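# 3D, please:
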Amino acid sequence: MKLTKSDIKRAVKATFPVFSGYIVLGFGFGIVLHSKGFGVLWAFLMSLFIYAGSMQYVAIDLLSGGASVITMAITTVLVNARHLFYGISMIDKYKDVGKIKPYLIFSLTDETYSLVCTDDENNNPKYYTLVSLFNHFYWVLGSTLGAAAGTLFNFSPKGIDFALTALFVTVFVEQWLSSKDHIAAITGVAASVICLVFFGAESFLIPSMLVITLALTVLRFVRKRKGESENA
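Residues are numbered from 1 along each chain as shown. Purely as a prediction, here's the structure:
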């Protein structure tokens, strides 16, 4: 795969907004991770090999709280369950990318998925690879710099871990405003609140993710059957 300057320039331009977000969120992750007693190497390796922003924030409390391997595994699967649907929708785009395919699958974050899906040039392995690599680099860089800053300076991590919550709130509001169908959003909020009441703040995440996944799966099935009935 021969890369040209124009390929690199195009990918850098496309991923610059992601750079702005990943550096800030990664920096926050590095500081919070360091505050829990994990050093720069931990931040670097977690971002390099796990590369899951929301799950990495969740993993901080799981690691520091001594969570079991089973709990961590189930939480990871549920938090990142949306990537199963991302992957299915990328089968055609990634079918001819060659040996780089395993890495492209691994590095398919929300932001990378968005950039690849909106690409005007279909089946462009060079663009997919560069976008994935740049976004991955931004996250690793931000996380490592954050952990290093936590080592060198006396940062208070108070409130920093709210950055990811703020991001999800922003995404939720954007989705709400741009869509006329709010059933999925309402389902997510309702399920989370109910599970929070019944299971408490320390244990509601896994039950709420299970309820949301089940509810949306049933909703999708019902709508599909309804559509088939109307077209019959």
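
# what separates residue 9 from residue 134, distance-wise?
12 Å (Cβ to Cβ, to the nearest Å). Placement of C-beta: from N, CA and C, glycine included.

# which one of the two has more residues nearby?
When residue 9 and residue 134 are compared for neighbours, residue 134 comes out ahead with 21 against 11, by other Cβ atoms under 10 Å.

# Can you check which helix is longest in this structure?
Across the chain, the longest stretch assigned as helix under DSSP state H is helix 5-35.

# by contact count, what packs against it?
Contact here means 3 or more Cβ pairs under 8 Å, 6 or more residues apart in numbering; DSSP states H and E; on that basis helix 5-35 packs against helix 40-49, helix 53-64, helix 110-117, helix 125-152, helix 162-178.

# Show me the chain divided up by domain.
Following automatic domain parsing, one gets these domains for the chain: 5-159, 179-232.

# In a markdown table: those domains, plus distance to residue 166.
Shown next, in a markdown table, are these (distance: least, Cβ to Cβ, whole Å):
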| stretch | distance to residue 166 |
| --- | --- |
| domain 5-159 | 10 |
| domain 179-232 | 16 |
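
# Now the ones you listed in a markdown table, please, with extra columns for distance to residue 173 and mean pLDDT.
Listed next are the domains of the chain as a markdown table, based on distance: least, Cβ to Cβ, whole Å; pLDDT from 0 to 100:
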| stretch | distance to residue 173 | mean pLDDT |
| --- | --- | --- |
| domain 5-159 | 16 | 87 |
| domain 179-232 | 10 | 81 |
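
# most neighbours per residue, which of the ones you listed?
domain 5-159 (a mean of 16; mean count of other Cβ atoms under 10 Å).

# what about it, distance to the chain center?
7 Å (Cα atoms, centre = their mean, to the nearest Å).

# With stretch 218-232 instead?
For stretch 218-232, the distance to the chain centre is 30 Å (Cα atoms, centre = their mean).

# Take it, keep the C-alpha atoms, and write them as CSV.
The C-alpha coordinates for stretch 218-232 follow below in CSV (Å, rounded to 0.1, in the frame of the first residue of the first chain):
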residue,chain,number,x,y,z
VAL,A,218,-37.4,-6.4,20.8
LEU,A,219,-38.3,-3.0,19.4
ARG,A,220,-36.4,-3.6,16.2
PHE,A,221,-38.1,-7.0,15.8
VAL,A,222,-41.5,-5.5,16.3
ARG,A,223,-40.9,-2.7,13.8
LYS,A,224,-39.6,-5.2,11.3
ARG,A,225,-42.6,-7.4,11.6
LYS,A,226,-44.9,-4.4,11.4
GLY,A,227,-43.1,-3.2,8.2
GLU,A,228,-43.5,-6.7,6.7
SER,A,229,-47.2,-6.8,7.5
GLU,A,230,-47.8,-3.4,5.9
ASN,A,231,-45.9,-4.3,2.8
ALA,A,232,-47.7,-7.7,2.5
